[in-house]
Every structure is written in structure tokens, then in C-alpha cells.
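The following comprises the amino acid sequence and a computationally predicted model.
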Amino acid sequence: MLKRHQASRKVSSSLVALLKPSAIAVLATVALASGANAANYTASNASQLSARLQDAANNGTGVDVITIQGSIFTDQQIDIQTPVTIQGAAGFRVSRIIRTSDDGFQPLFNIQSSNVTIRNLLLIDEKGQNTNTQVASEAGNDHSNARLINIPYEDAYQQIANITIENNTFENTAVGVASSGLIPRNLSITNNDFIKVNRSVELLRDVGRVYNVWNVSANNVVLNGGTLNISNNRIRGNRVRLGISVDAGNDGVYVPPSFTNIPFFDAAARAQFSDKPVVFANGSQVNSNTVEGANEFGIALATVANVTVAGNTVSTTEDDINSSDDIENNFTAGINVEHNSRDIVVDSNTITVGASGNFATGINVLAFQDHHAPLNHAQASSNITLVRNIFKGTGENTILAFGFSNLVVEDNNASQFTTRNPYQVTASFYNVPCGLSTSTARGTNNNIRYNQSSFNGTGNAPQYYDKNGNVVSGYTCQ
């Protein structure tokens, strides 16, 4: 995923899952013993929760329910290694679990099993990993990777699927919900509130960190995302860096030297799966979320396929942590689609641009450009439809596209958007030469004025479009 502090953030993201052993650990996986009927338990402190998780592991194949009573404080990570539902007591998020650890890489929940549900809880980082003070001094470099819910999917033989995270509040932390290794199959994150969380939902794929990727069917395991549902979440708080990120492009061929310090790292696997998107089932969606004040991306997709992003309300804001020169060249977008993403529909979103700089944009459609990689049509996003979106605020572009293929822009409305561009261009497309970058404008795209040119100075001459996408001038490759 294209980031302003690209190299350091890639390294920190890959280190997140190197988590130390927990004192609150389940010592067994699902026991295929008698007593398969689901049981109901309660827990009101950390030791009870540990014991009830052990009971659930010993209770056979049923999915037990553990109800949290009152408030639980813990400085240890809670490993979930058996199918289970952990829920709050009756009422709206009256049960609390509070993380008290100073360890910037240790999560609260660490999900290592399929068929896990966490619901109706208030999850808090007591140490304030993402208070406004901490963000102002540290968030630019992501010093903390504390996660309230972590899903380390790092063995292809031990598939993690059917994870539901619903109706919770995440508060005052660096990361709300995160995955590493492979992206869990059939993941649902719905109706949650994220308050002062630097990266609310951060799903990362890096096959270089996953055991046994050579020994399974890639199409069935590595590249199969099942059904993804990230809907009806509310994200707010000063200086939110990322609202929702689904990034299967973290396994690019480029490997920073520091990655070799990670125990077990399979660079060959990384190269094998580079640029191959995780394909989600029909109906997968990132819909009806609210993201307030993201200073990088509100919603971001990389190297994924078959996802609808619809009905979201997203705003971006100024990143005042960094220098004015850095701000000027920051990539900030309400919705960002990049790196071999394909078959993506971005429909009926309301995007308010509040960031400044040369790349303050409503929607990005990009190729692979991490670590200053050159633009490459083989890594372009393709079959991207932008339809019925509303752009507001003041910025550089409503739409910024690099090296795309088959981009459709239809019935979008930028009547409430003001560009800082002196030529009043509100959509900038940078093409691969010789007609490989194709785009179509349909219907009425209100106040969207196009500038389209070849990004490397060869091939197609600059082409200028009217507000409805009709070519004013230009010529084709010889």
C-alpha cells in the first residue's frame, strides 16, 4: 500500500505479528472429545477468562459462549485457539476488557482459530497508544503497533476462517482489528465504533511470513478470501491515519534489507505470489462505513479482486505532524485502489477532501508504487468502476489515476468540490503509452474536468477532455 513513510511502515507492519508468548494462553487446540454440545460460561477477571477458554478447548467441537461480566484488566495477550464466542453481558457494551501492557507489539486478543466471534464489548487500551498526544509525537512513524484484536494467519495448513467481529467499541489504541500472513477467509467486521484509533481495520497479506504456502492449493487457500463484509462501522478521532485497509500487496518482490532479520522469511514465496490478488466471493463489500478525518486513506484496497465499496461517508484532513514539504507531496485519499486490484466497484460514496498538497484526492486508482517503484502497467489496477460518487471539500483532484486499465467514470458529482489546480482540472489520468490505459466516461459527471497524459513522456500525446469525458485533442500511438 502506498504510504508516505513507505519503507519504515512496511517494516513495522511486518514486525507486528512477532508476538511474544502469552501468560493467558490456551494450551490446546480444539479437543475432539466428548461433550460436543456448546456450553455457556462467564468470566469476570483475567484468570477466569483464561480458564474458560481452556474449558472451551476441552469441550469438543461445539462453539462455546463466554460472557464477560464487568471489567477485566490484563497486561497479557489473550490467545484464542478454539472456536468460541466471547461477548458482553446484556446491555449495550457494558462489559469492558482493558489492555494495560506497555508492550507496543503485544495485542489484547490474538485469534488463532476459525469460527470465532467477538461481540458487544468495550475494548480499551489503558496506556493510550493513540491518544492525541501520542499521535502528535509518534504516529507519523507508527512507533506502536498495539492491536486490540490480532489475527495472525501464518500457517497455510492451519486455515483461519469464519471470523466475526460485531457491535464492539475500540478505543484509544494504535490498531483496532488487524491480520497478518494470509487474510482470513469469510471475515465479517460490522457495526463497530473506533474512537481515537490510528489504524482501525488493517488487513495485511505477506506470504513470505507464512509456512506451507508451497504445500496447499494456492487458489483454494492463499488467493481465496471467501466473503468479506466490512460494513456499518464508525471511525472517528483526531488524526486517524487509516480507516479501513485491505492490503494483499504487502508481498511485493521488493524486500527491504531489514526484512531478513525476521525469523522465517520466504522471499521465494513472496516473489511467487507477487501481484496476484486475493479474490473475494460475490457480495463482498466495504459498505456504509463512516470514516472521519483520515490523514492518509479513509478506505484502501491493494491487490484484491471482486469487492464493492459503496455508501460510505469519508473525509480526509490535514496531516500536521510532518513538515510542509512532506505534506505537499503526501498521498492522501478518501478511497484508494491500487496494485493489481481488479473488478472493484466504488459506488455512491460521499467523500470530503480536507487535506492539502499535490495529491489530496477523493479517489486514487494506482499501480504498484511502494518504495518508489516505477509505474508498470503489469501492476496496474483494472476493471475499476467509479459511479455515483459525491465529492466535496477543497483539494487537488476528485480522481487521480496512474497506469490503469479499463477505468469507468459514470454519473459522479463534484459540484461541491473546489480544486486548487490553477487550470481547474479536477481529474488527472496518467496513462501507459499506446492505448493500454483505457478509460470511459458515461452519463453526467458534474464538475469533473479531465486531464489525461502519458506518464513517461512517450506514446500518446497529452489528451484533454471536456467535463463529460469527450476527447478535445490528442493522437494515438504510431
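Perfect, I can see it now. Numbers count the residues shown, from 1 in each chain.

and Y41, how far is that from L53?
Distance from Y41 to L53, counting by CB to CB, to the nearest Å: 9 Å. C-betas here are computed from N, CA, C, even on glycine.

Give me the common contacts of these two.
Among the neighbours of Y41, those also in contact with L53 (CB atoms under 8 Å, 6 or more residues apart in numbering) are I66.

of the two, who's got more company?
Using other CB atoms under 10 Å as the criterion, Y41 and L53 rank with L53 on top: 26 against 18.

Let's verify that one: helix, strand, or coil?
helix (DSSP: H, G, I helix; E, B strand; the rest coil).

thinking it is in contact with I80, fair?
Yes - with contacts counted by CB atoms under 8 Å, L53 reaches I80, the gap being 6.7 Å.

who's in contact with I151?
I111, I160, I163, V177, A178, S179, S180, P184.

isn't the fifth one right up against I149?
Yes - in terms of CB under 8 Å, A178 counts as a neighbour of I149; the distance is 7.2 Å.

which residues do the two both contact?
Residues touching both A178 and I149 by CB under 8 Å, 6+ apart: P107.

Provide the secondary structure category for S188.
Classified using three-state DSSP, S188 is strand.

does it have beta-bridge partners, and which?
Beta-bridge partners for S188, by DSSP bridges, are T164, N229.

and it, how far is that from S381?
Taken as CB to CB, the span from S188 to S381 is 25 Å.

between those two, which one's more packed in?
S381 (31 against 17).

so what's the more buried one up against?
By CB under 8 Å, 6+ apart, the neighbours of S381 are V337, E338, H339, N340, S341, R342, I344, V365, L366, A367, F404, S405.

Surely the first one and S382 touch.
No - counting by CB under 8 Å, V337 stays clear of S382, with 10.2 Å between them.

Can you give me the end-to-end span of stretch 274-287?
27 Å (CA to CA, to the nearest Å).

whoops, stretch 391-410 was the one
Start-to-end, stretch 391-410 (CA to CA) is 13 Å.

let's have the chain start at 55 instead
From this message on, residue numbering opens at 55, which makes the last subject stretch 445-464.

just how off-centre is it within its chain?
Centre-to-centre, stretch 445-464 and its host chain are 20 Å apart (CA atoms, centre = their mean, to the nearest Å).

list the buried ones in that stretch?
Neighbour-count burial for stretch 445-464, counted by 16 or more other CB atoms under 10 Å, picks out 445-447, 449-464.

Among those, name the ones in strands.
Counting by DSSP state E, those place 445-447, 449, 451-456, 459-464 in strands.

if we can go back for a sec, which two from the contacts of S435 end up farthest apart in space?
Distances among these were taken as CB to CB; the most separated pair is I398 and A421, at 14.0 Å.

Comparing these two, which residue is more hemmed in?
A count of neighbours by other CB under 10 Å puts A421 above the other of I398 and A421, at 28 against 24.

how close does the more buried one sit to L440?
17 Å.

what does D401 give?
From D401 to L440 the distance is 8 Å (CB to CB).

of these two, who's got more company?
L440 (29 against 18).

which residues does that one bridge with?
V400, V463.

That one reaches V462, doesn't it?
Yes - L440 is within contact range of V462, at 6.9 Å (criterion: CB under 8 Å).

pLDDT averaged over stretch 368-385 - what is it?
The average pLDDT within stretch 368-385 is 61.

Walk me through which strands the helix or strand hosting P206 pairs with, and which way each runs.
Element membership of P206, judged by DSSP states H and E, is strand 201-207. Looking at strand 201-207 with DSSP bridges, its partner strands are strand 163-165 (parallel), strand 223-235 (parallel).

Restrict the last one to CA atoms and write it as PDB.
Written as PDB, here are the backbone C-alpha positions of strand 223-235 (Å, rounded to 0.1, in the frame of the first residue of the first chain):
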ATOM      1  CA  THR A 223     -16.200  -0.300  20.700                       C
ATOM      2  CA  PHE A 224     -12.400   0.000  20.100                       C
ATOM      3  CA  GLU A 225     -10.900   2.900  22.000                       C
ATOM      4  CA  ASN A 226      -7.600   4.800  22.300                       C
ATOM      5  CA  THR A 227      -5.100   2.400  20.600                       C
ATOM      6  CA  ALA A 228      -2.800   2.200  17.600                       C
ATOM      7  CA  VAL A 229      -4.700  -0.600  15.700                       C
ATOM      8  CA  GLY A 230      -8.200  -1.900  16.200                       C
ATOM      9  CA  VAL A 231      -8.500  -5.100  14.100                       C
ATOM     10  CA  ALA A 232      -5.600  -6.500  12.200                       C
ATOM     11  CA  SER A 233      -4.400  -9.600  10.300                       C
ATOM     12  CA  SER A 234      -1.000 -10.700   9.200                       C
ATOM     13  CA  GLY A 235       0.200 -13.600   7.000                       C
END
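
buried set for that strand?
223-235.

for that strand, the distance to its chain's centre please.
Distance, centroid of strand 223-235 to centroid of chain: 11 Å (CA atoms, centre = their mean).

Kindly report the same for the first one.
Centre-to-centre, strand 163-165 and its host chain are 18 Å apart (CA atoms, centre = their mean).

what sits up against it?
So strand 163-165 is contacted by 73, 76, 131-134, 140, 172, 177, 202-206, 214, 217 (CB under 8 Å, 6+ apart).

What is the burial count for I151?
Residues near I151, counting by other CB under 10 Å, number 24.

Who does the host helix or strand of it pair with, and is each partner parallel or antiparallel?
With elements taken from DSSP H and E, the one containing I151 is strand 150-153. Paired strands of strand 150-153, with direction, are strand 125-128 (parallel), strand 176-179 (parallel) (DSSP bridges).

Which stretch among these is buried most, on average?
Highest mean neighbour count among the strands paired with strand 150-153 (mean count of other CB atoms under 10 Å): strand 176-179, with a mean of 23.

State the next helix or strand along the chain beyond the helix or strand where L355 lies.
In this structure, L355 is located in strand 344-356 according to DSSP H and E. Sequence order places strand 358-364 as the next helix or strand after strand 344-356, per DSSP H and E.

residues in contact with the helix or strand just after that following strand?
Using DSSP H and E, the helix or strand that follows strand 358-364 in sequence is strand 367-370. Here strand 367-370 makes contact (CB under 8 Å, 6+ apart) with 297, 343-349, 352-353, 386-389, 403-409, 414, 447, 449.

pretty sure T171 is in contact with I120, am I right?
No - assessed by CB under 8 Å, T171 is found out of contact with I120, at 10.5 Å.

who's more crowded, the two?
Remark: of T171 and I120, I120 carries more neighbours, 20 against 17, as counted by other CB under 10 Å.

For that one, give me its contacts.
Neighbours of I120 in contact, by CB under 8 Å, 6+ apart: Y95, T96, A97, L103, R106, L107, A110, V138, T139, I140, Q141.

and the residue nearest to L454 when sequence neighbours are not counted, how many neighbours?
When the adjacent residues along the chain are set aside, L454 lies closest to T415, with 4.4 Å between them (CB to CB, 6 or more residues apart in numbering). Neighbour count for T415, taken as other CB under 10 Å: 28.

Which strand or helix spans T415?
strand 413-419.

so the residue positioned nearest the centre of the chain bridges to which residues?
Nearest to the mean C-alpha position of the chain, counting by CA atoms, centre = their mean, stands S299 at 1.1 Å. Counting by DSSP bridges, S299 is bridged to E256, A354.
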